[in-house]
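**Q** model the structure of this input:
(one chain, ligands or ions: 1)
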Amino acid sequence: MNSDRTIRNGWVSRIVICLAVLLVTHPPFIFAQSPEPLLQSAIESLSSDRMLADIRTLSGPSFNGRQGGTKDDLKSARWVAQEFISAGLHLPRIRNGSLIVPLLTGKDGAASGAMATLVPTATMPSDSVLRIGKTNRLATKQPGVDYLPIFDSPSADIQGQIVFVGYGIVDPTRGIDDYAGVDVNNGIALFLRGKPEHYPFHFSHADKVRIARERGALGYLTATGPILQPYEVRRGVTGSPSAFYGQLPLELAIPGAWISTALAQEILTTLEGELPDRLHALQERLNQSPSTQAVRSNQFASLQWKTVSEEGLLINVIGMVPGTGPETVIVGAHRDHFGRPGGILFPGADDNASGTAVILEVARALTKVEQRPSRTILFISFSGEERDLLGSRLYTSRPIVPLDTTKAMINIDHAGVGNGRLTVGMTGFQKDILLEAGKTAGVHDKVDLYGFFPGGDHVPFKEAGVPTVTVVSGGVHPHFHQPTDTVETIDPEILHNVARYVLTVVWQQAY
Ligand SMILES: [Zn+2]
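**A** Residues are numbered from 1 along each chain as shown. Below is the predicted model:
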């Protein structure tokens, strides 16, 4: 016996030493602050493989880019509803007036888990054409590389001379008129994205289009200038044309296209005797003072495409883990993206199949927990985010639980690309609470906390007085609103860190 024990003790001490050596050389994942066992096993159940598989499915060609308000919106909504059911979420019954939501609606007209509305939706078939050049020598440009039509712009069959109008801002009360000295009547206005730093006021893309139309322009081209502002550099803004909705009703809009910076430079450098980087020089002067730099180019543009506008269903999918108390926590991510405008597929893997995959995986983890949360957890897959937050605004206009008992809205958008840090925006929360969650999740050294983020589905909730948290993977998202936003660019480790952080915040708020 004695010798047995000595041998056993010898082994035990050897194992302990080996473990200690292993811990020093290969430290396993250690929680900075050990979470309670139920949370810990929920965190351990998170699988980046499952999330990647979901992203691959949603960003695949069969979902066609998930444009809000199209039949692809319905198809992706059905898929998410099925995943919610498989995860074990309860799909609450939701009344949508007289609307029938195919496959999700019961006999009494109430849908399970689907909140829907009809919206007019513009779609653009694959034969858009932009040609640029001297009157008799217009060259056809390449969609997706040289330009993208503004996706909700009206049908185009126009040709006109291109007139550069700076940033396209006209604001007489503040002494700025980017159109001074030129006539764009029957021409094509070319204006830069954004605004100069010396103009601190709001002037939207829709404002610029309205002005161009008032001045008689037949259409417009817009481009990112060659001089980027620091925040644009941080976001990884490039000169490529970007997917974009103009957000003007068809009857108030004129046809337009986002062109590459290179093409804008080409248009402006073809004046005889001009510097090759003329656009750079013009933007430099625009950035220094509000003086006009408007100039008529010697180039013409021809825009041709047909836009079809139809009413379509816009659908939010809602799943639920019922709580024991009267309050609610919402976890949301938008599912919609840009579809296949002009024949070009926008897969939207990072934006926002990634956030959708995160909420699905968090739902799967939480439904396995053998303890009811004190607050009800609503998982919402929003549509219409890319169309000025149509889906989240639909929810806040028709909430299924009162907004004043909704104690947090946690939004996940762009969760799979970047430098490995987590960018967290918050409103109505104590900083400490969200730092604490980072510690519990074991990602405290990766969390960068900020205040309010101006864009995303949390905005309508913030406006309604609900405290919000927005989680975005940090660093540059180089494929933002590009056809190159594919599953191959997603980093599973980033995805996993976002999911563990989101799960922990939800736990902290609901359990
Ligand atoms: Zn987006």
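**Q** ok, how many other residues are close to residue 315?
**A** Using other C-beta atoms under 10 Å, residue 315 has 33 other residues around it. For the C-beta atoms, the positions are set from N, CA and C on the backbone; glycine is no exception.
**Q** report the contact partners of it.
**A** Residue 315 sits next to 73, 74, 77, 101, 114, 115, 116, 383, 391 when contact means C-beta atoms under 8 Å, 6 or more residues apart in numbering.
**Q** which non-adjacent residue is nearest the first one?
**A** Right, the one you point to is residue 73. Leaving out its chain neighbours, the residue that sits closest to residue 73 by C-beta to C-beta, 6 or more residues apart in numbering is residue 383, at 5.3 Å.
**Q** same check, this time on the third one
**A** In space, and not counting its chain neighbours, residue 77 is closest to residue 315: 4.1 Å by C-beta to C-beta, 6+ apart.
**Q** I'd like the next helix or strand past the helix or strand hosting the one you found.
**A** Using DSSP states H and E, residue 315 maps to strand 308-321. Using DSSP H and E, the next helix or strand after strand 308-321 towards the C-terminus is strand 328-334.
**Q** so how far is that following strand from its chain's centroid?
**A** Here strand 328-334 is found 15 Å from its chain centre; the criterion is C-alpha atoms, centre = their mean, to the nearest Å.
**Q** same check on stretch 249-265?
**A** Distance of stretch 249-265 from its chain centroid, counting by C-alpha atoms, centre = their mean, is 21 Å.
**Q** over to stretch 381-391?
**A** 9 Å.
**Q** neighbouring contacts of it?
**A** 68-69, 73, 77, 80, 119, 243, 245, 247, 314-318, 332-338, 352, 356, 359, 392-395, 413, 456-457, 459-460.
**Q** now with 6 Å, please.
**A** By C-beta atoms under 6 Å, 6 or more residues apart in numbering, the surrounding residues in contact with stretch 381-391 are 68, 73, 80, 245, 247, 314-317, 332, 334-336, 356, 392, 457, 460.
**Q** got it, and stretch 462-481?
**A** Residues contacting stretch 462-481 (C-beta under 6 Å, 6+ apart): 236, 242-243, 396, 403, 406, 408-415, 417-419, 421-429, 453, 456, 458, 461, 485, 489, 494, 498, 502.
**Q** helix, strand or coil for the closest residue to residue 431 other than its chain neighbours?
**A** In space, and not counting its chain neighbours, residue 431 is closest to residue 449: 5.9 Å by C-beta to C-beta, 6+ apart. Here residue 449 takes the strand state, with states given by DSSP: H, G, I helix; E, B strand; the rest coil.
**Q** where does the chain dip in pLDDT?
**A** 1-35, 270-276 (pLDDT under 70).
**Q** mind listing the helices for it?
**A** Ranges of helices within the chain are 2-25, 37-44, 48-58, 71-87, 205-214, 230-234, 261-269, 278-288, 354-367, 390-397, 431-441, 458-463, 492-510, based on DSSP state H.
**Q** now do the residue nearest the centre of the chain against residue 498, distance only.
**A** Compute the mean C-alpha point of the chain, and by C-alpha atoms, centre = their mean the closest residue is residue 351, 4.8 Å away. Going from residue 351 to residue 498 by C-beta to C-beta, to the nearest Å gives 14 Å.
**Q** find the nearest non-adjacent residue to residue 129, please.
**A** Distances taken as C-beta to C-beta, 6+ apart place residue 304 nearest to residue 129, at 4.4 Å, with adjacent residues excluded.
**Q** residue contacts, the one you found?
**A** By C-beta under 6 Å, 6+ apart, the contact set of residue 304 is 129, 156, 157.
**Q** surely the residue nearest to residue 431 and residue 424 touch.
**A** Yes. Look at residue 449 against residue 424 with C-beta atoms under 6 Å: they come within range, at 5.2 Å.
**Q** of these two, who's got more company?
**A** More crowded of residue 449 and residue 424, by other C-beta under 10 Å: residue 424, with 27 against 16.
**Q** ok, that one - contacts?
**A** 447, 449, 471 are the contacts of residue 424 under C-beta under 6 Å, 6+ apart.
**Q** try 7 Å
**A** Residues near residue 424 by C-beta atoms under 7 Å, 6 or more residues apart in numbering: 434, 447, 448, 449, 450, 469, 470, 471.
**Q** how much space between the fifth one and residue 425?
**A** Counting by C-beta to C-beta, the separation of residue 450 from residue 425 is 5 Å.
**Q** pick out whichever of these two has more residues nearby.
**A** Using other C-beta under 10 Å as the criterion, residue 450 and residue 425 rank with residue 425 on top: 21 against 11.
**Q** how near is the more buried one to residue 325?
**A** Taken as C-beta to C-beta, the span from residue 425 to residue 325 is 27 Å.
**Q** try residue 436
**A** The gap separating residue 436 from residue 325 is 21 Å, by C-beta to C-beta.
**Q** repeat for residue 342
**A** 50 Å.
**Q** and the two? Which one has more around it.
**A** Taking other C-beta under 10 Å, residue 342 and residue 325 do not tie; residue 342 has more neighbours (21 against 12).
**Q** so the more buried one is in contact with residue 149, correct?
**A** Yes. Contact criterion C-beta atoms under 7 Å: residue 342 and residue 149 qualify, at 5.5 Å.
**Q** show me where the stretch 151-300 of the chain has strands.
**A** Applying DSSP state E, counting those that start in this stretch to the stretch 151-300 of the chain gives strands spanning 156-164, 170-171, 176-177, 188-192, 219-223, 256-259, 295-305.
**Q** distance to residue 91 added to these, as CSV?
**A** Shown next, in CSV, are those (distance: least, C-beta to C-beta, whole Å):
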stretch, distance to residue 91
strand 156-164, 43
strand 170-171, 49
strand 176-177, 52
strand 188-192, 46
strand 219-223, 42
strand 256-259, 39
strand 295-305, 40
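**Q** pipe the contacts of residue 304 into JSON lines and attach distance to residue 370 per row.
**A** Shown next, in JSON lines, are the contacts of residue 304 (distance: C-beta to C-beta, whole Å):
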{"residue": "129", "distance to residue 370": "60"}
{"residue": "156", "distance to residue 370": "59"}
{"residue": "157", "distance to residue 370": "64"}
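**Q** now tabulate those in CSV and tack on distance to residue 366 and neighbour count.
**A** Formatted as CSV, the contacts of residue 304 follow (distance: C-beta to C-beta, whole Å; neighbours: other C-beta atoms under 10 Å):
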residue, distance to residue 366, neighbour count
129, 50, 17
156, 49, 24
157, 54, 13
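**Q** show me which of the residues you listed is closest to residue 203.
**A** Minimum distance to residue 203 across the contacts of residue 304 is 24.1 Å, recorded for residue 156 (C-beta to C-beta).
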